[in-house]
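Novice: dropping the sequence and predicted coords here.
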Amino acid sequence: MNAPAPLIDQFNRRISYLRLSVTDRCDLRCAYCMPEAQTFLPRKDVLSLEELHQLALGFIARGVTKLRLTGGEPLVRRDMIELVRALGRKLGDGLDELTLTTNGTQLARFADDLRGAGVRRINVSLDTLDREQFTRLTRRDSLPQVLEGIAAAQAAGLSVKLNTVALKGINHAEIPDLIAWAHGKGIELTLIEVMPLGEVEEDRFDQYLPLSTVRAELEQRYTLTASLHRSGGPARYVDVAETGGRLGFITPLTNNFCEGCNRVRVTATGQLYACLGGTEQVDLRAALRSQDPDAALAAGLDQAMRIKPERHHFAIDRSGAEPALARHMSTTGG
Ligand code: SAM
Ligand code: SF4
């Protein structure tokens with residue numbers, strides 16, 4: 001039998017990276033991500049552990065070498081570690097990297113298990129080191145757990161990267177301190193522009209802080225040198241002379257990053273989104289629950305390659321109160 005064809009879209013981009021959301025649930029309520037009264041999906045709509053596993057294996061068979069588990073908060077899913085262990089067995093057998101993006105609240109409990117299952121690097125999202133600000137922003141008083149989680153992850157031998165969404169009037173002034181704090185712990189930090197995904201209570205325009213502004217301000221304080229380092233994603237990096245650390249910028253709005261896109265996303269209900277900023281979608285749950293799941297999944301992945309758009313089209317402006325996309329980042333899997 002011939003080896004299954006790799007995933008190549010119509011713009012000749014090879015898809016080697018899957019971001020798989022394992023739940024839409026979360027123990028925090030970040031103001032830019034979801035409303036306080038978020039309605040979560042009924043459990044029957046969410047893929048089972050077996051379905052998530054089968055889905056991931058289908059992608060790995062088609063040349064996906066990097067898998068990131070995300071959510072919602074992936075570590076609030078009860079059988080999460082079981083899934084990580086099952087997928088960890090594919091490391092060195094098709095899979096090069098198994099990683100996750102987490103808010104860190106459950107890391108103290110799970111860091112050793114993650115490491116034991118083959119995870120080597122994780123991304124932790126942290127937007128402020130100020131406890132009151134954290135509580136306001138996430139609507140939960142969980143900063144101490146997050147900090148404990150980061151320490152536990154490092155102690156377990158996991159390499160930690162921080163993701164920080166730059167938010168006007170919220171963490172803007174704190175960004176240099178966050179960088180110094182992270183770099184002081186040997187942690188790389190990447191700044192992200194807020195994206196117009198899903199309805200939240202706040203006006204996105206009020207939250208939006210262009211990273212071009214942040215970078216110009218940082219240059220007053222730090223010596224930034226453009227770095228050739230690439231992580232295979234949309235981030236562009238600088239080295240910070242004063243801290244000896246690396247700083248990333250993800251600028252979906254001021255700088256389109258779609259040309260080298262190598263990824264697709266699958267929601268916890270098995271909906272493949274060909275683009276974070278688009279509506280092109282394939283129902284892989286229907287494929288998994290069909291008579292011939294392997295064939296249906298393969299056909300679904302082929303379909304995804306045909307519909308993946310060249311670029312996203314979202315932008316933030318004052319022209320309308322509607323978000324550019326109705327679904328939240330916690331749905332698509334950030
Ligand atoms: N709960 C996990 C966490 O926070 O890391 C994983 C899922 S979360 C949706 C993934 C990332 O998306 C986080 O770094 C979060 O800050 C980011 N995010 C959520 N909504 C966003 C938005 N509207 N614009 C930009 N980033 C967003
Ligand atoms: Fe939860 Fe992550 Fe969204 Fe915050 S960004 S509400 S931690 S899913």
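Specialist: Structure's in. What do you need? Bear in mind the structure is a predicted one, so any value in this text is a computation, not a measurement. Ligands and ions are numbered 1, 2, ... in the order given.
Novice: how close does Leu224 sit to Ser290?
Specialist: Distance of Leu224 to Ser290, given as C-beta to C-beta, to the nearest Å: 52 Å. C-beta here means a position set from N, CA and C on the backbone, and glycine is covered the same way.
Novice: with Gln271 instead?
Specialist: Distance from Gln271 to Ser290, counting by C-beta to C-beta: 15 Å.
Novice: and the two? Which one has more around it.
Specialist: Neighbour totals were compared for Gln271 and Ser290, and Gln271 leads with 18 against 14 (other C-beta atoms under 10 Å).
Novice: buried residues in the helix or strand where Leu57 lies?
Specialist: Using DSSP states H and E, Leu57 falls within helix 49-61. Within helix 49-61, the residues scored as buried using 16 or more other C-beta atoms under 10 Å are 51-61.
Novice: so which other helices or strands are in contact with that helix?
Specialist: strand 17-21, strand 66-70, helix 80-88, helix 284-288, helix 293-307 (3 or more C-beta pairs under 8 Å, 6 or more residues apart in numbering; DSSP states H and E).
Novice: gap between the longest strand seen in the chain and the chain center?
Specialist: Identified as the longest strand of the chain according to DSSP state E is strand 159-166. Mean C-alpha position of strand 159-166 versus that of the full chain (C-alpha atoms, centre = their mean, to the nearest Å) differs by 10 Å.
Novice: ok, which stretches of the stretch 1-150 of the chain are helices?
Specialist: Under the criterion DSSP state H, counting those that start in this stretch, the stretch 1-150 of the chain contains helices at 49-61, 80-88, 107-116, 131-138, 143-155.
Novice: among those, which is nearest ligand 2?
Specialist: helix 131-138 (6.1 Å; C-beta to the nearest ligand atom).
Novice: what angle do that closest one and helix 143-155 make?
Specialist: Helix 131-138 runs at 90 degrees relative to helix 143-155, counting by axes from the mean of the first three to the mean of the last three C-alpha atoms, to 10 degrees.
Novice: next, the buried residues of helix 131-138.
Specialist: Residues 133-134, 137-138 are the ones in helix 131-138 that count as buried (16+ other C-beta under 10 Å).
Novice: angle of whichever helix or strand comes after the longest strand of the chain against helix 143-155?
Specialist: Sequence-wise, the next helix or strand downstream of strand 159-166 (DSSP H and E) is helix 175-184. Using the same axes, to 10 degrees, one finds that helix 175-184 and helix 143-155 are set 30 degrees apart in direction.
Novice: the inter-axis angle of the helix or strand just after helix 175-184 versus strand 159-166?
Specialist: Where DSSP H and E defines the elements, the next helix or strand beyond helix 175-184 is strand 188-193. Computed by the same axes, to 10 degrees, the angle separating strand 188-193 from strand 159-166 equals 30 degrees.
Novice: list the contacts of Pro144.
Specialist: Arg131 (C-beta atoms under 8 Å, 6 or more residues apart in numbering).
Novice: can we see that at 10 Å?
Specialist: 105, 131, 134 (C-beta atoms under 10 Å, 6 or more residues apart in numbering).
Novice: and it, how close does it get to Leu301?
Specialist: From Pro144 to Leu301 the distance is 43 Å (C-beta to C-beta).
Novice: any idea how many residues pack against the closest residue to Gln106 other than its chain neighbours?
Specialist: Leaving aside its sequence neighbours, Gln106 sits nearest to Leu75 (C-beta to C-beta, 6 or more residues apart in numbering; 3.8 Å). By other C-beta under 10 Å, the residues close to Leu75 number 26.
Novice: thought Leu75 was touching Gly104?
Specialist: Yes - with contacts counted by C-beta atoms under 10 Å, Leu75 reaches Gly104, the gap being 8.6 Å.
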